[in-house]
Structures are given as structure tokens and as C-alpha cells.
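**Student:** no sequence on this one, just coordinates:
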């Protein structure tokens, strides 16, 4: 990878940035137009990330952030942890963006005239300025979201530096979600859930989860981050899946903001909030994907997975669509369940479960775990059943004992079905699968929600 | 340094932690007692930092964060960047602390009874809870402070990892102060300054600085962080000076909260806020100092200097006593001015200007910069004058040309006056000087403010 940007690249990035700055300058003429500003900021986020990845690559390698790409013939050494660059640009952009969603309120509060309709309460203060009902609570939750994201990046970089043990890793997102939980608590967050119709006779219409709601929120962040972290190991798959999920959430948000939806919809604000967080995320991730796609020129590092997962978790929690979010992460959930026998050591788990690169064909093949000791009878039977269901591929010896099986990850399963494949084909297949599952999930969410709830909130 | 804690250490840390947890549990009985809770949290912060520094030391060395202590006979290799541990414990504590200052308001808002007097505005909301005038703006500024501190830690770690160039380093605190500036802007911060009496005929009583006020705030954070960063290089001096400054600010805060001060004083809240930020800082810094004091077992890294400086800057800006803060940093300011000729290359500047360790005596001596080319006439004359004023020590050759001089740092100046000294004596002397200057500064601030302002705000 050249550390210098080519001439076309410089020109493209510069013209994109200039266009974005122009759009931003224009937003001040109206009500701040936060959505348009957010799109412009995402363009800037893309340009910054793209340039910084190139400029900082050599520095990262010098500082020891580098790794060998084992799925290539020459096993080139490339920069690692580039997700940190992404994350820091993202945080910078999202902090600078803060005034836009509140611009309307700032203008209303400071001019005093023209926008009287939004001034609910006037009060002469020491400074001689007018106070109106400024959405402070919105500001606090926005800031808490940034705090949580920043925490996860800080801890993620720690993980990339020190290679923290698996059982400590799991807790990183829990720690990082503390700011959001605390502000939710201080800010009188709603801890009630709408109860599905068939449970209403027992629980009533709304059920107050109380402190369990906080446990639930922490679980969502642990699930989002770690489920992305374990579906990894192929060029572009970490960033690719995150982008697919981000686009699906944006699509879902758009449903609430489309001209066909009655306005003002009670959920409009939270879905706008969700977009403000996601659009710059898409910006930085696209720039990263362009360098991480097959053949990868940089690795993303655990930092990226934590960061991406936390963006979704924060987005889902503060946007009040955490159940929909889980629906979009079904492939990751399946991958976790499918991996569980190995993760919990019911079946031997090798150090790495990445698919195997065949240097002769240049294609990726399933990686295999060999069982040195014969497996317990019931486990062997289950494996044989899974083999017949084509959910696994095992090998048996002449005695009928299972001697090896493919590793329990969705990536290997995909190769059982369609392999061997070139690395980019493999990534593309998995991303298509993710997209399909997500669209189906959203369809279920909006068309069939009425079966279990009295109304769809769309 | 033993990675394991000794038995006495374990017992002391455990009993301190238990006592703190006990105190914290008790705070829920009254109004949350945020000040007492803050003290208890500081105890916890101390214990965590103390234990983590010991446990993580070897991991830091393995990850490449290590350095040689050149001012020792054997030049032992010890862990670097331990300030990052400090900073992360601090951030964790300060985030968990958030509910306490707002506990009174939360109780008032949720119970509805008993505390009616603080309920200004009642409103039945969707959730059935009561809303009262919750100090959202206080919450937002508190969160923005945490964001700025987290940003500076993130960028500081980047600096320790990548050894950023000096001219980029200077901007780190400016970037990190963005969250606080933005929230200040969004939250209708006051940008007016009280004008000294002798300028009132020209400027009026209050002068609106407008956007210059934001530049001023950014400058304060750049000054605080960098001035601590350049007064460094002797065991314990970075942490020691930060602790002295912190104690002086706490003393100043206490003046506003003492039983003799009329209550409620308009500045009570901002000085309480300042204490909430400083007490845990003192907790983590004392734990670090115990490992960084002569003979040092760990180094603090640039991260600590950025972090400490930003704590003061944030504290001074949001506590509205930035001018007092600058008064407490006078020795650092002097050190900067005194260093300026070398920093700006008017006089040659060697790579390191640390005092020189004499292995024969075991004492620290002034470090010397040699002038290979003869200096310009006026510069040489100024140096000779400074030499006569005992503000420098120069050597001249037979022709009367200046051939060498001590380096331009306050540490070397101290050695010109009192040297050679053992490293801890040197640090102690400088800290005593810092304390003396600070106390004098506070005396001036409170006794003589009336000469330039119509009233002291105490």
C-alpha cells in the first residue's frame, strides 16, 4: 500500500470534502437541517478516514501494529488495528456535529423573534438571553452515546495492545455501556416494556422491568460487539457485515421518516437520532472497507469490531429499537450458537478457526478440527446427525468413530455448502446472506408484529 | 517492582476499599451527599490505581511501553505510560459517580412526596412519573467534561504510541477541548467577562468576548497541558506538581464552601463541581506518585501530563475560575517563558534538556548546551546579564565568547541555585516552590482582587 495518495485520489477526496463543507455552510440558512448536515459530515468522515489510513499505515507498522495475511500466497505483512483510525475520526465528527440537531433550538432561544412558536417558556436570565425549552435531555443522551463509544474505543485499543484474555474481553462492552446506562438512569429512562398480546392476561399491557432493563441494555451491547467480533477472519467480513447492518438500520429509520409516514410520528426523533449516529459510521466504514477488501491492504483489529458493535448497541438502545436490532443480527446470533460447542469446550477448539487457504488452488477451504481422543457417544451421534443435515462435515474412521469435523463457524459452514471459494467470493456470499436475513427480519418486524402486539409502531 | 502486592498492601487496600464502599452505601440515606460520596470514590480510585499499576506493569513492558531511567547508576528498565492506567481508572470512577450529584433531584422527581419544595414544575408524563426542574444543563456540562478528558487520554495514548511531532502535540489539547466548547456553545454559555475597574470607562462593566471566549478556553487547555508536559524529567515531578496544583485548587474551593462563607453562595455549585472532578484525580495521582517517586518504579508517560493538564483546564473552565487557575500555574508559565529561547530555537536546543546525573556522586547537576558557533552579539550580552542575575550559568572562553550555558528549564535553574542535589531533593525543592507560589497567588487573588475589580467573588 502506498502511503501517499495518488493524484486522482487527492482530487476526488478534495472535491468531496469541498462539496461537503459547502453543504454544511448552507445548512445555517434554514433550521440547521441536521439530516443534510449529517450526510455532509459523513462525506467528510469518509475523506478523512481514507486519507488517514494511507498516511498512518507505515506509522502503525513501525509501532508494532502489523500482522501477516495468512490467506495469501506471499503472506504479506500489513498494518493492523486500522479500525482505531476509523473510530477516532468518527468520534471527532460526531462531537463536532453536536450543535446541528440543536441549531433550531439555539436560534429560537437567542433570537427571540421569528421563531416564537417554539418558545414555550421565557425567562430573563442573568445574561440577558432568553431561555426556551431546550431539549437538554436529548443532549445528555447524545453525549452519553458518545461517551460510551469513546469508552469502547479506549478499551478496544487496550485489547489490541495487550491481547486481553477472552473472559475479560467479554466485559469490555459492559464497561463501555456504563455511561449510557447511568445517563439513562439519571434522566428518568423508561424501564417499561410493551407486553405481547398472549402474555397480557398475566403481565398487563406494560411491564416494568426495573433494574432488569439495565441488565438487558448491557446484554445488548455485549451481544452486538462480541457477535461481530467472532464473525471475523476473512478479508472485509468485519467491515462488510457492519456496513450491511448499518444500511439495514438506515433503511428501517427511513421507513419512519418517509413522506408516507404520518408526521410528526412519535418515533421520528429517535430514528433521526439513529441516523445521526449511523451516517458518519457508514462514511468511515466505507473508507476502511476500500482498504480491507480482498486483497486486504490493512487489517481492522478488534477495536473496529467493538466500535461497530457499540455503535449499533447505542443506536438501538437510545433509538428504542433494540428488538429490531437483534433481528438484524440474526446471522451473528446463529454463528454464536453454532460456535457455542467449541467456545465452551464441549468439542475441542483449536487456537484459530479461520478457513484454510489452499496455496495450490488459491481458494479458501473449510478448516478442520481433529479429535485425538474419541468423542463421547452422544456427542458423536449429534455430529453425525448434523452431518446428514449438511450443517457440518465430519470424517469417520473404519470403526465408525468421528475423527475430525469442520470448525463450528458460519464461515466454515458456508464453505461446506458452497466451497472451496476465493476469499472475496466467500465474503460476498456471507454478506448477501446477511442482507437477505436482515430484509426478511425487517419484513417480519413490520408485517407480522401485529400477531404479537396490538399495533405496529410504524 | 513486584507485580504481586504484598500482604500488608492487600490488607490496606482491601480495608480502604471496604470502608469506601460502606460510606457510599450510607450516602443513599440522605440527599446522596455527593461530596462525601466523592471522597469515598477517591479512596476507591486510589486502591484500584495502586493495584492495577502493580498488576499491569509487566504487561506494559511486554507491549513495549518501557524506558530506561537514565538518572540512576544501573539505568533500570521500567514500565512507561502508567499514567494511562491512572486516567482510565479516573474516567471509570467519574462516570460511575454521575448519579450522586443528581440524586437529590432524582429522588425529588420520582418520589413526589416529602421533597415537594424542590419540585418547581409538575407534569404527568407518559410513564406516570413526575418531572421536576432537573438540572439538565449541569448534567450536560459534566458529561462534556468527561468527554474532553476521555478525548485527551485517547490522543495522549496515541502520542505515547506514535511519538507525535512537537508541533502536532500542541494541538492535542485543542482537539480534546472541542466537546467542552461545543456543549458550552449549545448550552448558552456566558461569553462575557467582568472588566477590571481601570478599563471600565472604555469597555463597560461586562465585555462580551463572543467567539474569542472559545479561543480563550482552548488556549487555557493548551497552556495547562503543555506547561505540565515541559516541566518534566525528574522522578515524581510530573505527578508531584499536578498534586500540588490539585491541592491548591481544592483549598481554593474549600474557601467557597467553608461554614464562614455565606450560603447559598452563587459560586457554591461550580466549586462543588470542581471538587467532584479533583478529588478522584488526587486519589489516582497519589497512587501513581507512590510508584513514580524517587527511585521510580514506573514512568508516567505523556498521557499523564495531558490528562492532568486537561483535568485542571476543564475544572477551571466549567468552574469559572480559569484566571485563578492560571495564577496557580505561574511556575509552569515561568518555565515556559524561560524555555522559549530554546523552544523557538533562538538558542540551540539539544534533544534532551534533563539535568545530568553524575554517577560518581549520585547527584543531579545542571545539563549544559554547548555553542559550537559563536552566538550573535546581543544574545551573548543577554546571556551574560542573566548570568550576573544568577538566572543562568554560562562559561566563556579566553576571548570572552560564551561557549556554553545551562539549559533553559526551571529544573536546571534550581540546580544553578542549589545544586548539585539528589533527585528526590531536587523534586521536593521544586514542589515546595510550586506550593509557595500557589499560596501567594491565592493570597493575591483573594486579598488584592479589589484593586482591579469592584468585588472579590468570595
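**Tutor:** Nice, I can see it. Remember, it's a predicted structure, so these values are computed and weren't measured experimentally.
**Student:** for chain A, what's the longest strand?
**Tutor:** If you go by DSSP state E, chain A has its longest strand at strand A:402-406.
**Student:** what does that strand contact?
**Tutor:** Contact with strand A:402-406 is made by A:347, A:366-371, A:374-375, A:380, A:383-384, A:387, A:392-397, A:412-413, A:415-416, as judged by C-beta atoms under 8 Å, 6 or more residues apart in numbering or on different chains. Placement of C-beta: from N, CA and C, glycine included.
**Student:** Mind doing that once more with 6 Å?
**Tutor:** Applying C-beta atoms under 6 Å, 6 or more residues apart in numbering or on different chains, the external contacts of strand A:402-406 come out as A:366, A:368, A:370-371, A:375, A:380, A:383, A:392-397, A:412, A:416.
**Student:** how far out from the middle of the chain is that strand?
**Tutor:** Distance, stretch centre to chain centre, for strand A:402-406: 33 Å (C-alpha atoms, centre = their mean, to the nearest Å).
**Student:** tell me the contacts of the spatially closest residue to residue A:244 that is not a sequence neighbour?
**Tutor:** Excluding its sequence neighbours, the residue lying closest to residue A:244 (C-beta to C-beta, 6 or more residues apart in numbering or on different chains) is residue A:434, at 4.7 Å. If a contact means C-beta under 6 Å, 6+ apart, then residue A:434 has A:241, A:244, A:331 as its contacts.
**Student:** Counting neighbours, what do you get for the one residue in chain A that gets nearest to chain B?
**Tutor:** Using C-beta to the nearest C-beta, the single residue of chain A nearest to chain B is residue A:136, 3.2 Å away. By other C-beta atoms under 10 Å in any protein chain shown, 20 other residues sit near residue A:136.
**Student:** pretty sure it is touching residue B:138, no?
**Tutor:** No. Residue A:136 is not in contact with residue B:138 according to C-beta atoms under 6 Å; the separation is 9.6 Å.
**Student:** intersection of neighbour lists for the two?
**Tutor:** In contact with both residue A:136 and residue B:138: no residue, using C-beta under 6 Å, 6+ apart.
**Student:** what does the stretch 151-300 of chain A put close to chain B?
**Tutor:** Residues of the stretch 151-300 of chain A found near chain B (C-beta under 6 Å from any C-beta of the partner chain) are A:154, A:161-162, A:178-179, A:182, A:186, A:188, A:190.
**Student:** Considering the residues you listed, which is situated nearest to residue B:321?
**Tutor:** Residue B:321 has its nearest neighbour among these in residue A:186, at 25.8 Å by C-beta to C-beta.
**Student:** Before we move on, what's the pLDDT of that closest one?
**Tutor:** In this model, residue A:186 is scored at 82, pLDDT.
**Student:** That one - how many residues pack around it?
**Tutor:** Neighbour number of residue A:186 under other C-beta under 10 Å is 24.
**Student:** got the contact list for it?
**Tutor:** So residue A:186 contacts B:99, B:102 (C-beta under 6 Å, 6+ apart).
**Student:** which one is residue A:253 nearest to, not counting chain neighbours?
**Tutor:** Closest to residue A:253 by C-beta to C-beta, 6+ apart is residue A:271, at 4.2 Å.
**Student:** How about residue A:358?
**Tutor:** Nearest to residue A:358 is residue A:365, by C-beta to C-beta, 6+ apart, at 5.4 Å.
**Student:** Residue A:47 and residue A:16 touch, don't they?
**Tutor:** Yes. Here residue A:47 reaches residue A:16: they are 5.4 Å apart, a contact under C-beta under 6 Å.
**Student:** who's more crowded, those two?
**Tutor:** Taking neighbours as other C-beta under 10 Å, residue A:47 and residue A:16 compare with residue A:47 leading, 22 against 16.
**Student:** Show me the helices in the stretch 1-150 of chain A, by range?
**Tutor:** Assigned by DSSP state H, counting those that start in this stretch, the stretch 1-150 of chain A shows helices spanning A:7-27, A:34-62, A:83-96, A:99-111, A:136-162.
**Student:** Show me what counts as buried in the longest one.
**Tutor:** What it means is helix A:34-62. By neighbour count on 16 or more other C-beta atoms under 10 Å in any protein chain shown, the buried set for helix A:34-62 is A:34-35, A:37-54, A:56-57, A:59-61.
**Student:** overlap between those and the residues near chain B?
**Tutor:** Near chain B, by the rule C-beta under 6 Å from any C-beta, you find residue A:59 out of those.
**Student:** hang on, the earlier thing: name the strands paired with the longest strand of chain A and say parallel or antiparallel.
**Tutor:** strand A:368-370 (antiparallel), strand A:394-396 (antiparallel) (DSSP bridges).
**Student:** any idea which of the contacts of strand A:402-406 has the most stuff around it?
**Tutor:** residue A:412 (28 neighbours).
**Student:** Pull the contacting residues for that residue.
**Tutor:** A:355, A:366, A:406.
**Student:** what is the last one paired to in the beta sheet?
**Tutor:** Yep, that's residue A:406 we're talking about. residue A:368.
**Student:** ok, it - how many residues close by?
**Tutor:** When neighbours are defined as other C-beta under 10 Å, residue A:406 has 25 of them.
**Student:** and it, what pLDDT?
**Tutor:** Predicted confidence (pLDDT) for residue A:406: 92.
**Student:** What separation do you get for residue A:79 and residue B:81?
**Tutor:** For residue A:79, the distance to residue B:81 equals 21 Å [C-beta to C-beta, to the nearest Å].
**Student:** In the stretch 251-400 of chain A, where is pLDDT below threshold?
**Tutor:** In the predicted model of the stretch 251-400 of chain A, residues A:261-265 satisfy pLDDT under 70.
**Student:** so which of the contacts of residue A:434 is the most crowded?
**Tutor:** residue A:241 leads the contacts of residue A:434 on contacts (other C-beta under 10 Å) with 26 neighbours.
**Student:** Correct me if wrong, but that residue is in a helix.
**Tutor:** Yes. Counting by DSSP: H, G, I helix; E, B strand; the rest coil, residue A:241 is part of a helix.
**Student:** ok, and the closest non-adjacent residue to it?
**Tutor:** In space, and not counting its chain neighbours, residue A:241 is closest to residue A:434: 5.5 Å by C-beta to C-beta, 6+ apart.
**Student:** Now that neighbour: which helix or strand?
**Tutor:** Following DSSP states H and E, one finds residue A:434 within helix A:423-447.
**Student:** Show me how far that helix is from its chain's centre.
**Tutor:** Centre-to-centre, helix A:423-447 and its host chain are 15 Å apart (C-alpha atoms, centre = their mean).
**Student:** next one: stretch A:45-65
**Tutor:** 21 Å.
**Student:** So residue A:296, which state does it fall into?
**Tutor:** Judged by three-state DSSP, the three-state class of residue A:296 is coil.
**Student:** Quick one: classify the closest residue to it other than its chain neighbours as helix, strand or coil.
**Tutor:** Counting by C-beta to C-beta, 6+ apart, residue A:296 lies nearest to residue A:235, which is 4.2 Å off, once chain neighbours are set aside. For residue A:235, the assignment made with three-state DSSP gives coil.
**Student:** What's the local residue count around residue A:235?
**Tutor:** Quick note: residue A:235 (other C-beta under 10 Å) scores 23 neighbours.
**Student:** Surely it and residue A:422 touch.
**Tutor:** No. With contact defined as C-beta under 6 Å, residue A:235 does not reach residue A:422; the gap is 10.4 Å.
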